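**Student:** need the 3D shape of this:
(one chain, ligands or ions: 1)
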Amino acid sequence: MYTREIKNAINYDRTKHPERTNATFGRVAEVLENVLESKSDELIISLQKKLGSVEMDAELSEEHAEKIVSTLNAHALTPDQLHAIALQLQSSEISTEEALALHKKYKVPVSHLEKDIIPVAGNGCWIQDTKGNWYIDMDSNYSATNLGMSNPEIGQGLYNQANLLISMKEDRVQIARTRFLKEMSDMMPKDLNYFYWQNSGGEAVDKALKIAKAYTDSKQVIAFKNGFHGRTHGAVSVTWNEAYRKPFHLNNEDWVHFATFNDIESVKKLVEKTGTKIIIMEMIQGEEAGNLPADPDFIKQLWNLKKEKDLIIIDDEVQAGFGRTAVKKGDWFACQSYQVVPDIMTIGKSFGGSYPVTAVVTNEKISQSMKPGYDGSTFGGNPMAMTSALIATRQMKEQEITKNVIARSKQFFDGLEQLQQKNDMIEDIQGRGLMISLLLGSEENVSKVQDNLKEHGVKTSLSTGKYLRFLPPTIISESEVNLVLDRLDTSIQQC
Ligand SMILES: Cc1ncc(COP(=O)(O)O)c(C=O)c1O
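**Tutor:** Below is the predicted model of the structure:
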């Protein structure tokens, strides 16, 4: 029992799994250690004898696989153990050590390496690592995997589309996109129904800036202190954190001016001083401000200023959009919950159920300022992207994600307030919807709590200085929120 599965996971069948390679001996040994722990030693030694001088990173042949299976049979493992071995080999045929070594050898080191957890599989809010451990993921891959860590329906749709028409350039009419347009329009804020599709949030922000500049025929842009808009040349230029801009000589751009968030006087002064027509903002500042929501009064005054001075506001909803910050049912975007409509909006992350698809969205009048030849994209809005966007947005509506966010957000905030009463470490709680942060006094406290949480199977890799940030998948259930609160309580107390 399960030995066939083990053999098939060691020697891949290209007709069924063209994405795989043959397993290495290193991976087989690792899986045996994961499943059998100290009892694996003897088995690994006998396998090494049987297979002869096989290197740890050598891919195993059919003959090797037969020998491994017969050795496992001879050791009288239980069906549960064999099943666990098969599942772990199916999820990865490559060892943790080899994956890490290749990553370090070949990846440009632009980010801190999260090397303790190497995810191989996922289900709902949960991810499984190469060691077979499960973690509830409270950062949703920077707020992208909101419909879960795997998605069979999107998988099926992408499979069908890849077999039919895998790509098509942006400037052709295509059916996958037409299907999407029929599905999407009722989700959008009023009049924002002209789309320009991109592949990442940063790209969408870049294109939003281009559209705003073309429409206003002006160059100056006001962004906000502690705002974050991505890493492309344009997006990073309007991002506050100097450490992201300085190495690229983007810290003194003459077209970018930073105002203070939630301070209308600061915006007014900059508009007066610079004559700027374009403002870019997040309604809930995420990455750099620890999930700080805009004050509703500030938004009201900003929209008054917009009217008075004829300004263009770009609302960057790459992170906050698709229900994450809903206050009432049907608030698909933060601007809807603040009851304002921006001129241009950027969307991404959740959009394709985590398949890379993003967009700039605007109204008809502004859209017409972009003329043929002004821009273009090879992959923007390709049929695979549009298929995943169609399926993901349909799922969001069917699963009433905004309703879930409102309920889970209340549960989360209530639970955190109770924890605050008994844990001095929690100095403040801030956020909106399922963009939530705890102020924990020091960066050391944040990393200690994160380490403890990880020990208890909760992965929250996101923080902003003294803030521990939570961006749970928007499908998170009541029992999962309770579980996280419970483990958070224990983790804080263990500090
Ligand atoms: C508000 C906001 N805008 C833009 C981006 C950039 O998105 P991407 O990483 O897909 O380029 C992010 C990413 O975190 C974001 O939070």
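
**Student:** check the stretch 101-250 of the chain for the residue nearest the ligand and tell me.
**Tutor:** residue 201 (2.2 Å; Cβ to the nearest ligand atom). C-betas here are computed from N, CA, C, even on glycine.

**Student:** wait, that residue sits on residue 350?
**Tutor:** No. Assessed by Cβ atoms under 8 Å, residue 201 is found out of contact with residue 350, at 10.9 Å.

**Student:** report pLDDT for residue 238.
**Tutor:** We have a pLDDT of 98 for residue 238.

**Student:** likewise residue 115?
**Tutor:** 82.

**Student:** how about it, nearest residue that isn't a chain neighbour?
**Tutor:** Distances taken as Cβ to Cβ, 6 or more residues apart in numbering place residue 100 nearest to residue 115, at 5.9 Å, with adjacent residues excluded.

**Student:** what sits against residue 149?
**Tutor:** When contacts are counted by Cβ atoms under 8 Å, 6 or more residues apart in numbering, residue 149 touches 119, 121-127, 137, 473.

**Student:** what's near enough to touch residue 429?
**Tutor:** Residue 429 neighbours (Cβ under 8 Å, 6+ apart): 413, 416-417, 420, 436-439.

**Student:** nearest to residue 302, of those residues?
**Tutor:** Ranked by distance to residue 302 (Cβ to Cβ), the contacts of residue 429 are led by residue 437 at 22.7 Å.

**Student:** okay, now that closest one: neighbour count?
**Tutor:** 24 (other Cβ atoms under 10 Å).

**Student:** go on, residue 21?
**Tutor:** 11.

**Student:** repeat that for residue 37.
**Tutor:** Using other Cβ under 10 Å: residue 37 sits among 9 other residues.

**Student:** tell me how far the helix or strand where residue 479 lies lies from the chain's centre.
**Tutor:** Assigned by DSSP states H and E, residue 479 belongs to helix 478-493. Centroid separation for helix 478-493 versus its chain: 22 Å, with Cα atoms, centre = their mean, to the nearest Å.

**Student:** state the mean pLDDT of it.
**Tutor:** On average, helix 478-493 scores 98.

**Student:** who touches it?
**Tutor:** By Cβ under 8 Å, 6+ apart, helix 478-493 touches 125, 136, 138, 407-408, 411-412, 415-416, 419, 422-423, 425-426, 449, 452-453, 455-458, 470, 472.

**Student:** which residues in the stretch 151-300 of the chain form strands?
**Tutor:** Applying DSSP state E, counting those that start in this stretch to the stretch 151-300 of the chain gives strands spanning 194-198, 221-224, 256-259, 278-281, 284-285, 292-293.

**Student:** in its sheet, what does the third one sit against?
**Tutor:** Read it as strand 256-259. strand 221-224 (parallel) (DSSP bridges).

**Student:** please apply the same query to the fourth one.
**Tutor:** For strand 278-281, the paired strands and their directions (DSSP bridges) read strand 221-224 (parallel), strand 312-316 (parallel).

**Student:** around the ligand, which positions in the chain sit nearby?
**Tutor:** Residues of the chain lying close to the ligand by Cβ under 6 Å from any ligand atom are 142, 200-202, 205, 228-230, 282, 286-287, 316, 318-319, 348.

**Student:** and the residues you listed, which is closest to residue 113?
**Tutor:** residue 142 (15.8 Å).

**Student:** is the closest one in a helix, a strand, or coil?
**Tutor:** helix (DSSP: H, G, I helix; E, B strand; the rest coil).

**Student:** which residue packs closest to it, ignoring adjacent ones?
**Tutor:** In space, residue 142 is closest to residue 349, 6.9 Å off (Cβ to Cβ, 6+ apart).

**Student:** tally up the residues packed near that neighbour, please.
**Tutor:** 27.

**Student:** pretty sure it contacts residue 318?
**Tutor:** Yes. Using Cβ under 8 Å, residue 349 is in contact with residue 318, at 5.7 Å.

**Student:** now for the two: what residues contact both?
**Tutor:** 201, 358.

**Student:** tell me who's in contact with residue 376.
**Tutor:** Counting by Cβ under 8 Å, 6+ apart, residue 376 has contacts 170-171.

**Student:** that one and the ligand, how far apart?
**Tutor:** 19 Å (Cβ to the nearest ligand atom, to the nearest Å).

**Student:** per-residue pLDDT, that residue?
**Tutor:** Taking residue 376 on its own, its pLDDT is 95.

**Student:** now it, what's its secondary structure?
**Tutor:** Per three-state DSSP, residue 376 ends up coil.

**Student:** name the helix or strand for residue 90, please.
**Tutor:** Counting by DSSP H and E, residue 90 is part of helix 79-91.

**Student:** packing partners for that helix?
**Tutor:** helix 3-10, helix 25-36 (3 or more Cβ pairs under 8 Å, 6 or more residues apart in numbering; DSSP states H and E).

**Student:** name the helices or strands packed onto the last one?
**Tutor:** Under the contact definition 3+ Cβ pairs under 8 Å, 6+ apart, helix 25-36 sits against helix 40-51, helix 79-91, helix 96-106.

**Student:** now the ones you listed in a markdown table, with mean neighbour count and mean pLDDT?
**Tutor:** Converted to a markdown table, the helices and strands packed on helix 25-36 look like this (neighbours: other Cβ atoms under 10 Å; pLDDT from 0 to 100):
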| stretch | mean neighbour count | mean pLDDT |
| --- | --- | --- |
| helix 40-51 | 15 | 92 |
| helix 79-91 | 18 | 96 |
| helix 96-106 | 13 | 95 |
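
**Student:** so how far is the ligand from the residue nearest to residue 456 when sequence neighbours are not counted?
**Tutor:** With Cβ to Cβ, 6+ apart as the criterion, residue 456 has its nearest non-adjacent residue at 4.2 Å, and that residue is residue 487. Plainly put, residue 487 is 25 Å away from the ligand if you go by Cβ to the nearest ligand atom.

**Student:** could you number the chain from 889 rather than 1 from now on?
**Tutor:** Renumbered: residue one is now 889, and that last one reads residue 1375.

**Student:** what's the burial count for residue 1375?
**Tutor:** Neighbour tally, residue 1375, other Cβ under 10 Å: 17.

**Student:** returning to what we had before: ranking the helices and strands packed on helix 967-979 by burial, who's on top?
**Tutor:** helix 913-924 (a mean of 22; mean count of other Cβ atoms under 10 Å).
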